[in-house]
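Colleague: Have a look at this prediction, sequence included:
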Amino acid sequence: MLTKRKVLARIPGRGTPIRGTLLAATALAVDLAAIPAMAQNTPEETGELVEIVVTGSRVARDGYQAPSPTNVISAAVIDNQAATGLGEILEQTGMVKGTRNPNSNATNTSSPGQWTADLRGLGGQRTLVLIDSSRVVPFAPASNLSVPTTTDLNLIPTLMVERVETVTGGASAQYGSDAVSGVVNILLRREFDGVRVRAQTGISDEGDAEENRIGILGGWNSSDDRAHVVFALDWVDNEGVGDIYNRDWGKREVMIVSTPGTPSLTWGENVHTALGVGGVINVGRNATNTGANVPFSLTGQTFNPDGSIRPFQYGFPLQPGATSSTMIGGEGESITKGVSLVPGVERASAYARFGYDFSDTLHGYATVGYSQSTGFLSAAQPRLTATQLFIRADNAFLPDVVRDAMIDEGVGGFRMTRQGNDLGNNKYEIENKSPRFTLGLEGSFGSGWDWDAHASYGRNDYSFNSQNNPIRDNLAFAVDAVRDANGNIVCAATIPGHPRFNPAAAGCVPLNLFGEGNASPEAIDYVQGNPYADVLYEQTTFGANLSGKLFSTWAGPIVVATGFEYRKEEEEVTADPIATAGGYFTGNNSPYTGDFDVAEGYVEAIVPLARAARFAEHVDLNLAYRYADYSTVGGMEAWKTGLVWEPFDFLRLRVSQSRDIRAPAINELYSPSAAVTNNITMININDFGAANPAVNNYVIPQRTAGGNPNVEAEEGDTTTVGFVFSPNYGPLTGFNFSIDYYKIELDKAITNLNGANIANLCISGVRSFCDLFTFNAAGDPIALDAGAINLGSFEQKGYDVQLDYSRPLFNGTWSIGYTGTFVTDSIVDTGLPGAKPVDRAGEHGAANFAAVPDFRGNLTTSFKTQTWSGTVQAVHVSSGKLDNLYNTPGNPTISKNDIPSYVIFNLYGSYNVNDRVRLFGSVRNALDRDPVMTPYTVLNAPVYGAYYDKVGRYFTLGMDVTF
């Protein structure tokens, strides 16, 4: 006999019920840690009203019943782990990559405190983050395209979180653009009665990374239960960790250096900077720094603090005159000295919801939220290369022994390198402020039809401030120090009539770089600048949804949801004049404005195809379609179809196929970039199409790093196939297991190419890339203006696995949970002619897009009673390669490419002193496991923090007090 029940299913974040009759099934949230995932067992034929979790669909069921793989994290998990942010919980699932989080942001100068959700490692811009199923104003940094425009999870008030639903299949049809790799839907509390105060503190085993938190959660319900108020205040301050010398594994100074022969890259310890803290003479030149290098007997000499010289102690494989910045051994320290291992972050959030039931069929609400996050980063010292420092023989600070040698040997000048420890590390302070307001109504009418409508406004105020950032022109002026007619040391460019006079050098203070500590504070202040930029990003949305039972068939009711949304987003970037002109070594941002609006509508339905038929308890078809009309890229379509077949009450099979979309962000459309004049190898356009076009060298302005108003939307196709096993009989009651295969294909990926790549594409016959050049009447290229383009594709395949089991044991409940992701393929095709697709699965380095380990997982077991709970968690990363192309034909060879597996253990516990007081604590990385060394040569970082803990053993203690 077919067992049915009435269900009240809430549209995520709306609370509007979809009343209908669905086949009774287990409603279950999959927890990642201590709190057992308790099943709501199938009721008998009582017709009772049961609330089930809605996820992965606007009309579907819980994570195990949804047609797409879905993970649900409850507030109990967040509380159990004493987590101050959602990011650290999401990244334990294996499906979320920590591309941008404080642990991996040691070189992220645009957003060191940012924590984004990056499903599948496709970039945070391809994961849609929602609050109560509604859009959130994104974090929009001032930098052009180096940081994605996406939601900063630091700004979510964790005390208000009721649960987090992660849909790992494509979900654009249900939720909108950007959901190519999935959706993270954060559902906040609608009610709370009383006041809960939380205080906690944490510190590492090394005495740093101190974190303090104070939070308040409160609420009130009226006596007639019609009015509801809930609010939360949360403040968290983490001081971060200093440089690598604060850890024993960091003192090994692990890095990769370029070496001659085979291997071409060598993985070594005691890797030091070869720039020299007092300056190293690199190579002789003539007085105007033109022409060929000239022999100079003092090449390879360094300057002592007293201005004397001595031979610089080079390490392997460098020799005097080398241009490489790192070496194994030799004198000095790591090039990352003073660079934050983990940046500090201070954040605060406030949120309140006011709800009122005007009647049994009409509910109104208003929400107001404000969040602020500030990241603090100590970045690199000025690293002055031979191309940036040119010293002439008339330099007034030159020691006599050097000047005399230059005169004797006919050397008019020399290039010099220097590590500017005494000039001060670059400092970055990045602040985000995000207010958000929502007004909404929810209601019902007729026989089981429900509706909701809302309007919201949010803005993100981003502030970029940097200190100790060298100004290119000022450095050149200050280094060129000479004596004036009175014998005073001044900048040559400030002397009227001098051949190198320049009015722009007014106020110049001469800089002595010969020997550490000899630069005056006034000269340092003149050379070092403080770039700044501000961003105002505004988002306004209006939306309405309607859902209910369309009609019933013999197999059950057809339940539908439909809705409309209008959204407008605007961005305005301002920057200081020097940055706008590209005048700093780093931290250059350019002002621009941009906006777009979009109107979109969707429809989704669950269509039952069979009930209680032979070989089928039930079969449901899930269909969804969305049309979005963007002011920038025009109309786009997204769709999804899914099938859930339950041949037995303990086995559920599911499959889905979707087309997903991502419209370009404002910065990908409109952000400018400075045109840099460089050499390029290119053809005359009149030779296009010739069998052997003539190739010439041209020196032309090239703009390749900015936006492009003509860039198109990205398209993704996602396939998922899986099953759920939930026996719910005898000793297996409470056991659930699911495994889902997924395949994501992304086309027309938005990216930027350098000038050489664009020229090669033109030469190879791709006319569209020739069109990016401007040609003169003779057919010669005179400028290149590229910006963002759609090029290349990506494909990832893998398996998501989830398991949980709980049962009564002694006087409590024992539970075990597991979640993991196995990646079999992560193939990147750049689209460049002659370039072969590369499989990045099993790659652990930081350098390449879509690089992900083969496997990441999280196993948790816990025991809970009425008064206490204890949890042991193991987080595992598989072994793999640093870079899959190393040691393959035609690619760099490296002395070590294998990355070992990695596992850390976390401990969590709590004790209820009484009904009002709860104590809790945790020990993360309880065995104090060192991170796996995964050096990244471009940014000189020894560890990739997306996968490996850089802090070490970490203790947290806290207390909840409820009034």
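Modeller: Yep, it's here.
Colleague: all contacts plus neighbour counts: C-alpha atoms, from now on.
Modeller: Noted.
Colleague: which element is the residue nearest the centre of the chain on?
Modeller: Centroid-nearest residue in the chain, with C-alpha atoms, centre = their mean: Arg100, separated by 3.2 Å. In the assignment (DSSP states H and E), Arg100 maps to no helix and no strand.
Colleague: In this structure it contacts Gln114, no?
Modeller: Yes - Arg100 lies in contact with Gln114 (C-alpha atoms under 8 Å); the separation is 6.4 Å.
Colleague: that older thread, for the residue nearest to the centre of the chain, phi and psi?
Modeller: When quoted as degrees, to the nearest 10, the phi and psi of Arg100 stand at phi -130, psi 100.
Colleague: what sits against it?
Modeller: Gln114, Trp115, Thr116, Ala946 (C-alpha atoms under 8 Å, 6 or more residues apart in numbering).
Colleague: Which member of those is positioned nearest Asp930?
Modeller: Asp930 lies nearest to Ala946 out of those, by C-alpha to C-alpha, at 14.3 Å.
Colleague: before we move on, back to that, want to try TSV for the contacts of Arg100, with neighbour count as columns?
Modeller: Shown next, in TSV, are those (neighbours: other C-alpha atoms under 10 Å):
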residue	neighbour count
Gln114	26
Trp115	26
Thr116	30
Ala946	21
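Colleague: In a markdown table: these, plus pLDDT, distance to Asp225 and secondary structure.
Modeller: Formatted as a markdown table, the contacts of Arg100 follow (pLDDT from 0 to 100; distance: C-alpha to C-alpha, whole Å; DSSP: H, G, I helix; E, B strand; the rest coil):
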| residue | pLDDT | distance to Asp225 | secondary structure |
| --- | --- | --- | --- |
| Gln114 | 86 | 39 | coil |
| Trp115 | 87 | 38 | coil |
| Thr116 | 88 | 38 | coil |
| Ala946 | 90 | 46 | coil |
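Colleague: how far does stretch 834-849 sit from the chain's center?
Modeller: 18 Å (C-alpha atoms, centre = their mean, to the nearest Å).
Colleague: got a list of contacts for that stretch?
Modeller: Contacts of stretch 834-849 (C-alpha under 8 Å, 6+ apart): 121-122, 823-830, 850-855, 879-885, 899, 934-936, 938, 944.
Colleague: tell me which residues in that stretch are buried?
Modeller: Residues of stretch 834-849 classed as buried: Pro837, Asp839, Arg840, Ala841, Gly842, Glu843, His844, Gly845, Ala846, Ala847 (neighbour count, 16 or more other C-alpha atoms under 10 Å).
Colleague: again, but for stretch 265-272
Modeller: Applying 16+ other C-alpha under 10 Å to stretch 265-272 flags Leu265, Thr266, Trp267, Gly268, Glu269, Asn270, Val271, His272 as buried.
Colleague: what's across from the last one in the sheet?
Modeller: Beta-bridge partners for His272, by DSSP bridges, are Met327.
Colleague: Verify the stated contact: it with Ile335.
Modeller: Yes - His272 lies in contact with Ile335 (C-alpha under 8 Å); the separation is 6.2 Å.
Colleague: what's the overlap in contacts for the two?
Modeller: Common contact partners of His272 and Ile335 (C-alpha under 8 Å, 6+ apart): Thr326.
Colleague: Quick check: can you name the pairing partners of the helix or strand where Arg659 lies and their directions?
Modeller: Assigned by DSSP H and E, Arg659 falls within strand 651-662. Strands that pair with strand 651-662, judged by DSSP bridges, come out as strand 634-648 (antiparallel), strand 714-725 (antiparallel).
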